[in-house]
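J.: 3D model of this:
(one chain, ligands or ions: 1)
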Amino acid sequence: MLWGGRFKEKLNDTAMEFSSSLSFDINLINEDIQVSTAHAEMLATIGILSKDELSEMVAGLETIKNESSAGKWNPDTLEYEDIHSAIESRLGELIGATAGKLHTGRSRNDQVATGFRLWTKKAITSLSEQLSIFQEALLLLSEKHTETIMPGYTHLQRAQPISFAFHLLAYVEMLERDKKRLQFVLDETDSSPLGCGALAGSTLPLDRNITTEKLGFSKPSSNALDAISDRDFVLDFLNACNIGMMHISRLSEELILWSTTEFNFIKLGDTYTTGSSLMPQKKNPDMAELSRGKTGRVYGNYTAIATMMKGLPLSYNRDMQEDKEPIFDSYKSYSQALAMMTGMINTLSVNENRFIKELEGDFLFATELAEWLVIKGVPFRESHHIVGEVVKAAEENDVKLHQLTIEQLKNINSIFDETALEVFKADGALYRKKTYGSPNPDMVRTEIKKWKTKIN
Ligand code: ARG
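T.: Numbering: from 1, shown residues only. As a prediction, the model looks like this:
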């Protein structure tokens, strides 16, 4: 028991069950031990712990860590309020009265804020690594499909021809922004609240620079009241998860669409699809659907914390204990979804020739015909109108654009000549793109090269 001097009775059992965070903050065990070890070493440096006391304490903490990872120490959630009190109590069992010196100049408020920041920093590093691995998978697949033509869409209506590689590279861009966002969160998380005490520091000469350095933070936080109250880094982290999951959800949706019989553009690998218990023919994209679906709970986690923090007076309030489950859940969902996406990209096969025939003379070359007229000196608004008539004529005759004769085109406008028919050809369509950032295969290959050097 960490407190109790002023109490006559112990906490009601149901109240204990209601308030204990041990069942989930057990996740922070390694970080908590790291924080305690750094704190003890600092206490020894400033003469509050003797050398012997320090080595006893550090050895005890190490034992708890090992016991826990070996599954030999499983503290009871009905006995302890949280991981911090459970560890301190176990330390007492292991090393006796010296354990009582560990909490000198420290509160669980700065302790939890510090451990939680350490956990978040690790989570950020591991997500960033996963994002890079996912990018590499996309690049590997892109390399094979710089000339694989497909329709690009707006409003989910055929718009202009693009390549499969170009489409995948759009996701590589999105993932890069996700990494940048995480880097920002890392910077925001990278200050140590240890030594801030309950809210206002200590009368003991604690050296915060020592613990800051030992724990690998770049600086100590500079206002104790803010450091204890602050959970902005949690919200920033959750928001990075939100946007990352939104990107994953969009790719999931596309993988699902592309793998339908109607679209028939990709086949997902067996190892990332499931069958139906009733319909023998089915191959379902469950991993993509679940990744899309989990985006909902990740958004919910952000909303939970934003709402919980709103209106809290400074500094610590027990409400803030609610910050942990949502972040653990968002991290897990995001990390798992990233693994699923990478796996699906690595194992899918592409029906390369799917669109070649079908796009021949497709209406998605209408913009290109309008641009052909612009080169001939027709103002774009006028050429847009002329091509509208061409599309109407093709529709009325129930033919595709390339099946219109030059006479039919000339009937609409005398400016047309044979070379106009060239723009209806699917073959070479991608190479006709001239602008930087377009699906021109030469440019896409340059981009892939750029990304590969950047990511390695
Ligand atoms: N379990 C608490 C939390 O996660 C630890 C801090 C408790 N502080 C306190 N003064 N009761 O927020």
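J.: residues touching the closest residue to the ligand within the stretch 251-400 of the chain, list them.
T.: Per Cβ to the nearest ligand atom, Gln321 is where the stretch 251-400 of the chain lies closest to the ligand, at 3.5 Å. C-betas here are computed from N, CA, C, even on glycine. Remark: with contacts taken as Cβ atoms under 8 Å, 6 or more residues apart in numbering, Gln321 is in contact with Ser19, Ser21, Asp82.
J.: ok, and of the residues you listed, which contact the ligand?
T.: When contact is defined as Cβ under 6 Å from any ligand atom, the contacts of Gln321 meet the ligand at Ser21, Asp82.
J.: Return a PyMOL selection command for the buried portion of the contacts of Gln321.
T.: The command below creates a PyMOL selection of those among these that count as buried (16 or more other Cβ atoms under 10 Å):
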select buried, resi 21+82
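J.: Now render the contacts of Gln321 as CSV, adding secondary structure and distance to Ser50.
T.: Formatted as CSV, those follow (DSSP: H, G, I helix; E, B strand; the rest coil; distance: Cβ to Cβ, whole Å):
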residue, secondary structure, distance to Ser50
Ser19, helix, 36
Ser21, coil, 33
Asp82, coil, 29
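J.: Turn the contacts of Gln321 into a markdown table, columns for pLDDT.
T.: Supplementary listing: the contacts of Gln321 in a markdown table, determined by pLDDT from 0 to 100:
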| residue | pLDDT |
| --- | --- |
| Ser19 | 97 |
| Ser21 | 98 |
| Asp82 | 97 |
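J.: rewinding a little: Validate this expectation: the residue of the stretch 251-400 of the chain closest to the ligand resides in a helix.
T.: Yes. Counting by DSSP: H, G, I helix; E, B strand; the rest coil, Gln321 is part of a helix.
J.: now, which of the contacts of Gln321 sits nearest Asn301?
T.: Ser21 (16.3 Å; Cβ to Cβ).
J.: And the closest one, how far from Gln321?
T.: Distance of Ser21 to Gln321, given as Cβ to Cβ, to the nearest Å: 5 Å.
J.: Can you report phi and psi for Thr154?
T.: Note on Thr154: backbone dihedrals following degrees, to the nearest 10 are phi -130, psi 150.
J.: again, but for the one 4 residues further on
T.: Dihedral pair for Arg158: phi -50, psi 130, per degrees, to the nearest 10.
J.: which residues do Ser21 and Gln321 both contact?
T.: Residues touching both Ser21 and Gln321 (Cβ under 8 Å, 6+ apart) are Asp82.
J.: What is the neighbour count of Leu22?
T.: By other Cβ atoms under 10 Å, the residues close to Leu22 number 19.
J.: which residue packs closest to Glu322, ignoring adjacent ones?
T.: The shortest distance from Glu322 to any non-neighbouring residue, by Cβ to Cβ, 6 or more residues apart in numbering, is to Met308 (5.1 Å).
J.: quick one: contacts for the one you found?
T.: Contact analysis of Met308 by Cβ under 8 Å, 6+ apart lists Asp319, Met320, Glu322, Asp323.
J.: wait, the second one sits on Leu312?
T.: Yes. Checked against Cβ atoms under 8 Å, the pair Met320 and Leu312 is within contact range at 7.2 Å.
J.: Those two - which one has more neighbours?
T.: Applying other Cβ under 10 Å to Met320 and Leu312 shows that Met320 carries more neighbours, namely 22 against 13.
J.: confidence score at the nearest residue to the more buried one once chain neighbours are set aside?
T.: In space, and not counting its chain neighbours, Met320 is closest to Arg231: 6.3 Å by Cβ to Cβ, 6+ apart. At Arg231, the model reports a pLDDT of 98.
J.: and the nearest residue to Lys283 once chain neighbours are set aside, what are its phi and psi?
T.: Closest residue in space to Lys283, ignoring its immediate chain neighbours: Thr273 at 4.9 Å, by Cβ to Cβ, 6+ apart. Thr273 adopts backbone torsions of phi -130, psi 170, taken as degrees, to the nearest 10.
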